[in-house]
Each structure stands twice: as C-alpha cells, then as structure tokens.
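*Asks:* here is my input, please return the structure:
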Amino acid sequence: MNDNRNTILAVILSGLVLIGWQYFFNLPQMEKRRAAEQVQSELAKSVPQAQTAGTPQGGSTPAPTANTPGTEQPNAPIVDREAAITSAPRIKIDTPRLAGSISLRGARIDDLSLVQFRETVDPASPAIVLFAPSGTESPYYAEFGWVPAGGAALKTPDQNTLWQQEGANSLTPTSPVTLKYDNGDGLTFHRTISIDDHYLFAIKDEVTNAGTAPVTLYPFALISRHGAPKVAGYYILHEGLIGYLGDDGLQQYAYKKIDDAAALPNRPNAKGVEFNVTNGWLGITDKYWAAALLPDTNAHLKASYSSSQIGNVRTYQTDYLEDPQTIAAGGTGSANARLFAGAKEASVVGINFPVGGFGGYNKALDLNHFDLLIDWGWFYFITKPMFLALDFFYHLVGNFGLAILLVTVLVKLLFFPLANKSYASMAKMKSVQPQLAALKERYPDDKVKQQQEMMEIYRKEKINPIAGCLPVALQIPVFFSLYKVLFVTIEMRHAPFYGWIKDLSAPDPTNLFTLFGLLHFDPTQLPLFGHYLALGVWPIIMGITMWFQMKLNPTPPDPTQQMIFTWMPLIFTFMLAGFPAGLVIYWAWNNTLSVLQQSIIMRRNGVKVELFDNLKATFASKKAT
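*Replies:* Down below sits the predicted model:
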C-alpha cells in the first residue's frame, strides 16, 4: 500500500514540475508576446510625439528641465523611415560598425544601423536598426544642447532649428563634422561631433555671446524612445532604463516600473525619478543593444528617468542637466558630452580585459561600472568568469560550441576532487545493495527498523547516502552561469556550432513531432500542450545521456526515489527543449563525461560497472510487463 502511495506521489510531483514550468515560464512568455503585439497595434494607430529641449514654464528662478513637450501635432500620420530621413538635410555617418545620418534639423542623432549585426542568421537579412527619426513608427534618438534658466527669454536651438554644416560632408572616425547656428540675438552655437571606430560619439558644444549682457545656460543631453518596445520579458534580464548614478549605484527601471512612478515637477504629464549625482552615466538598454549618455565623470548632474503620455503614445526618456554656465558678454562657454549607441559587446563596453589592444570604454574613459550595461546578474562573480573562459577558448578554436565543450572539461577538472568523493561513495553504496535487499526481507513490515539498520550499514561503510546529489548540485551554478552568458551576451547571438545548429543562443530548431521536418505543420501552436511539442535532436541526446547516467547509479531503496530517478531524464528532456542549444549541448556533454568518470571510479573501487546489465534488465522488465 505504501509503495503504491509513493508511486502515485512521485507521478504527482512529476506532473507538478511540468505544470510549474508551464505556469511560471511558458504562460508569462505567451502573455508578454500578446502584450507586445497589442503595443505594436496601438503604435500603428498613432504617431509618436517628439520631446525636445526647450524652456520650461515656471517662475524666474533657475529651475529648468532637460526638455519639455515638442510642438509636433499628436496623432499625425506615420511616415516610413525613408520618407522621414529624406524630409530634412542630413550628414552621413559611415564607420566600420555604424551607418546612418544626423539630421541638420534639430541636430539629432536619429538614424543609426548596426551594420555588423543582422536580424536573423542569414547574412543577407537587414541590418539591426537602433535609432529612428521622429514621425516614424518607433522614434528613438539622442539630442544635446542648452536650455536657459526658468523664465529667461533666450532663443536656443530646438527640434525645429536648421543648423548649418561646416567642414566634412560625412562623419567618419577620421573626419568629425561641425554644425553652426546663429540665434540672431547675439548668441552663436557651434557643435563638433566626432566618432570612433566602435560605438562612441563625442559631442562638443560651444556658445559665443556677442551681446551686451551675460547669459546663463544649462548644458543638457537626452535619449528619447517613443512607444514601449518589444522586450524578451525574462526575469533574469533587464530591459529598459538603466544607469550607474554615483553613490546611488546601479539604477534599473523597467518600462512598466517607470510608468508607475510618481509625477515629476515642471514636466506636464510626466512620471519618473530624479537623481543629483556626480560620476554617473544613464541610458536605455535592450537585450543586445543600448544607447547611453556618458558625461564627464567629474560633472554634477541632475539626472532623470521619465515616462510621458503624448497623444496615444507613451514616451520614455533618460536625460541629464549639468550645472549652469554664465557666459559673459564677448565670452564663450563650452560643454562636452558623449553617447554610446551600439551593441553591448563585452570587449567594447569593458570587462577589464583587453581584446585587440582595446580594453573597453569602462577603463578607457574611467567610467563608473559601465560594464554593468551588460546584465551579468546577481551572480556576476560566476557569470563573468564563465564568459571569460568561453571567450578565451573561442579565440583558440574559433567556435563557441567547441569552447563550451572545452569549458565543460575544465569545470570537470576543477570539481574532480569533490566529484571523485561523491562517485566513490556511490560505488560503495552499490556494493552494499545485497545487504540492503536482505534488510527488506528480514524486516518486511517494519520500515523504521529498516531505516535504522540501513543507516548503521552506511555508517560502518562510511557511505554518504546523499552523495549522488552532489554531481547534480555542482552543475547548478555552472548551468546557471552558462545559461546567463548564452542568454545575455551578444557574442553568443547567432554563434553557430555544427550541422543544423546555426545559433547556440536559440533552441534546437529541429522537432521530433514533425519527424524532423518531414511533416509540414507546427505542433507547438496546438492549445494547452503545444508548447511541449518542441523536442529537437540535442534535447533527445541530452535525455539519453542523462538516462545512461541514472542507470549507472545504484537503485535507490525508496520506491519514491526510484520513481523520481526513472522520470527525471524524460522531464528534463522536455524542460530543456526550449533552452538555448548551447546549454543543452553542455548538459549532454557533461552527462557523457560523468558516465566515463563514474565508471572509472567504480572500477577503481572494485565495483562492477553494470550499466549495460541495468539497461538490459530495464528492457527485459518492460517486455515482461
């Protein structure tokens, strides 16, 4: 009766694992996709409203903000990207990694594509678009300039200002461009924009006062994004507003979180948070791409994250305002700003190791933890070393899949002493199986006596009954760190292995339930259980290797444990089917190494390796049943 009860309990527990996986993983992802589709539908019915620098409404006290709502009409028709780009004169951006243009109207950096990264694994697919101009479906841009003190009647450049181009006709790493604007009231603005061969823009603003009275201006910079973008929606990944703001440390706000923030003073219809800091940076991050403002590390900033409703579209913004500058009559004031806009490559962002002679912006610019632009997570002390090891082996062998296999071997060597003790204990446990079986016959109706005698045998033979859990427990931090690296680092995006695996960061594209492509339908779209019907070749290989490993271990004396160990390979096969292929390859390879390691240790301890005998007995038992 107890055995039947334990069997039923084991089946129920296995079912709860699958249900929990469905509830906490698959259903939230489906909900995220539905929400993203709804947002895109709303965007198609409305037009984003530009937010620009300008003079806020208020009294005569110097309390400006980095921006106020623009003057564009809400709900105007959306234009396509090319039409928006050609609507104003522009300066071409041409670097090995970036392509796009700067609009002379408003001097915004609002047209940017990442030429080295494509939307799919097909190298002929379109390049990733990062920035888009106002008036398109999803505007996203950076803007810089000056604002006067509150109540001051000074004409400063805004989003409608048409700047004059001076010098070079295109922006390249070797040719900066210069823009000029004369406000007609004695103030002349010059802007010099330069770019390196990675993703860094440097902006130098100068203003000359040819008037008869001093003027007070505040340098500002902002990144504005119209409409909530589609996000991956995983709890282990931050997407949204981000910054490391002096003593306030890392500040991360998801789009929903900033929508629920308190109202901001001096900003109509805006919610958000403000910070008064020195030595900070801030921006907006996606999974693989980001745009961030990098002011001088000694500049004092009034920084903010905000969310505003303009028409039918919500606009998200990070900005800062520096301390005011009073420019005397006949004098000149200047301000420096920097913009990172590109892919979150670890070697470029900065992870304290040089690649190709470049140590990354974090070290080169003496920034404040700019490496945290990549979401390494709470366990960064594990995740970062995992990435460094993978990247090291990648540069040796030229394939991240092979690098994963080599790192697995390295991890096995590091944990060998602990695993060796565990497997030795398991080998001893296998040698006492006849004694444990005799206990059941001696005390068939006395479970307490069985347990007491069993523990006495374990004590006498110096066996740790939970030693079998140690190899799995050792895998957990390695598994998590590898999963994190595969999921968040752009180096793993579209990284191929061999055969059909073209992207190690994506699930195995093959599927058993379509007979690996022979049947032309998508079973994953079936209701209720369709998400379980995605089972590729590598998850099946992983499940088989895990089953082999379970069969190598001694049979647990408890029926419930037996049932759990019997079902575990199948449960893990389906659970890991939707994980990145690189992670499944790691698990399969790790299982294979564990079987070899455990077999050698068992032989050294004089225990017969009964893997094939156990497999034969399993199939014989099923046939008899």
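
*Asks:* spatially nearest residue to the residue located most distally from the centre of the chain, not counting backbone neighbours?
*Replies:* Most distant from the centre of the chain: Arg442, at 58.0 Å, with distances by C-alpha atoms, centre = their mean. Distances taken as C-beta to C-beta, 6 or more residues apart in numbering put Glu453 closest to Arg442, at 7.9 Å, once the chain neighbours are dropped. Any C-beta I mention is one placed from the backbone N, CA and C, and that applies to glycine too.

*Asks:* doesn't Leu439 make contact with the one you found?
*Replies:* Yes: checked against C-beta atoms under 8 Å, the pair Glu453 and Leu439 is within contact range at 5.1 Å.

*Asks:* what's the distance between the strand or helix carrying Arg603 and the middle of its chain?
*Replies:* In the assignment (DSSP states H and E), Arg603 maps to helix 581-604. Counting by C-alpha atoms, centre = their mean, to the nearest Å, helix 581-604 is centred 29 Å from the centre of its parent chain.

*Asks:* quick one on the thing from earlier: what's the distance between the residue farthest from the centre of the chain and Val448?
*Replies:* Note on Arg442: its distance to Val448, by C-beta to C-beta, to the nearest Å, is 13 Å.

*Asks:* what sits against the residue lying closest to Gly240 once chain neighbours are set aside?
*Replies:* Spatial nearest neighbour of Gly240, chain neighbours left out: Ala254 (4.3 Å); criterion: C-beta to C-beta, 6+ apart. By C-beta atoms under 8 Å, 6 or more residues apart in numbering, the residues touching Ala254 are 238-241.

*Asks:* what separates the residue nearest to Arg442 from Leu114, distance-wise?
*Replies:* Taken as C-beta to C-beta, the span from Glu453 to Leu114 is 67 Å.

*Asks:* outside of stretch 578-591, which residues touch it?
*Replies:* 25-26, 400-401, 404-405, 407-408, 411-412, 475, 479, 482-483, 486-487, 492, 495, 497, 501, 503-508, 531, 534, 536, 538-539, 541-542, 545-546, 548-549, 576-577.

*Asks:* restricting to C-alpha, output that stretch in CSV.
*Replies:* C-alpha atoms of stretch 578-591 as CSV (Å, rounded to 0.1, in the frame of the first residue of the first chain):
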residue,chain,number,x,y,z
GLY,A,578,13.2,25.3,-25.1
PHE,A,579,16.5,26.3,-23.7
PRO,A,580,19.4,27.6,-25.8
ALA,A,581,21.1,24.8,-27.8
GLY,A,582,24.4,25.6,-26.3
LEU,A,583,23.1,24.9,-22.8
VAL,A,584,21.6,21.5,-23.9
ILE,A,585,24.9,20.6,-25.7
TYR,A,586,26.7,21.4,-22.4
TRP,A,587,24.4,19.2,-20.4
ALA,A,588,24.7,16.3,-22.8
TRP,A,589,28.5,16.5,-22.9
ASN,A,590,28.6,16.9,-19.1
ASN,A,591,26.5,13.7,-18.7
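
*Asks:* where does that stretch sit relative to the chain's centre, distance-wise?
*Replies:* Put simply, stretch 578-591 sits 19 Å off its chain's centre (C-alpha atoms, centre = their mean).

*Asks:* what of stretch 89-97?
*Replies:* For stretch 89-97, the distance to the chain centre is 28 Å (C-alpha atoms, centre = their mean).

*Asks:* start at 5 instead
*Replies:* Yep, numbering from 5; the last one is stretch 93-101 now.

*Asks:* any residues touching it, and which ones?
*Replies:* For stretch 93-101, contacts defined as C-beta under 8 Å, 6+ apart pick out 103-109, 115-116, 118-120, 166, 169, 173-177, 181, 199-203, 346-347.

*Asks:* which among the residues you listed end up buried?
*Replies:* For these, a burial check counting by 16 or more other C-beta atoms under 10 Å picks out 104-109, 115-116, 118, 175-177, 181, 199, 202-203, 346-347.

*Asks:* all strands of the stretch 305-454 of the chain, in order?
*Replies:* 317-326, 329-331, 336-347 (DSSP state E, counting those that start in this stretch).

*Asks:* same list, the ones you listed, but as TSV with mean pLDDT and distance to Lys425 please.
*Replies:* Shown next, in TSV, are the strands of the stretch 305-454 of the chain (pLDDT from 0 to 100; distance: least, C-beta to C-beta, whole Å):
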stretch	mean pLDDT	distance to Lys425
strand 317-326	94	52
strand 329-331	93	67
strand 336-347	96	44
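
*Asks:* highest mean neighbour count across these, which stretch is it?
*Replies:* Ranked by mean neighbour count under mean count of other C-beta atoms under 10 Å, the strands of the stretch 305-454 of the chain are led by strand 317-326, which reaches a mean of 24.

*Asks:* which helices and strands does that strand pack with?
*Replies:* Contact here means 3 or more C-beta pairs under 8 Å, 6 or more residues apart in numbering; DSSP states H and E; on that basis strand 317-326 packs against strand 219-230, strand 244-249, helix 259-263, strand 284-289, strand 293-297, strand 304-314.

*Asks:* just give the strands next to the first one in its sheet, each with its orientation.
*Replies:* It stands for strand 219-230. strand 144-152 (antiparallel), strand 317-326 (antiparallel), strand 329-331 (antiparallel) (DSSP bridges).

*Asks:* give me the distance from it to the chain's centre.
*Replies:* Worked out by C-alpha atoms, centre = their mean, strand 219-230 lies 28 Å from the chain centre.

*Asks:* same deal with the fifth one?
*Replies:* For strand 293-297, the distance from its own C-alpha centre to the chain's C-alpha centre is 13 Å (C-alpha atoms, centre = their mean).

*Asks:* show me the shaky parts of the protein.
*Replies:* For the chain, the stretches with pLDDT under 70 are 5-80, 155, 356-363, 427-428, 430-431, 434, 468-476, 478, 557-565, 609-629.

*Asks:* which one of the strands of the stretch 305-454 of the chain lies nearest to Gln529?
*Replies:* strand 317-326 (31.1 Å; C-beta to C-beta).

*Asks:* please save the CA atoms from the closest one in CSV.
*Replies:* Once non-C-alpha atoms are left out, strand 317-326 reads as follows in CSV (Å, rounded to 0.1, in the frame of the first residue of the first chain):
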residue,chain,number,x,y,z
VAL,A,317,1.9,57.0,-27.3
ARG,A,318,4.0,56.8,-24.1
THR,A,319,7.5,58.2,-24.4
TYR,A,320,10.4,57.0,-22.3
GLN,A,321,13.4,59.2,-21.7
THR,A,322,16.7,59.4,-19.8
ASP,A,323,18.3,62.8,-19.6
TYR,A,324,20.6,65.0,-17.5
LEU,A,325,21.1,68.7,-16.9
GLU,A,326,24.6,69.9,-15.9
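
*Asks:* thanks again, I'm all set now.
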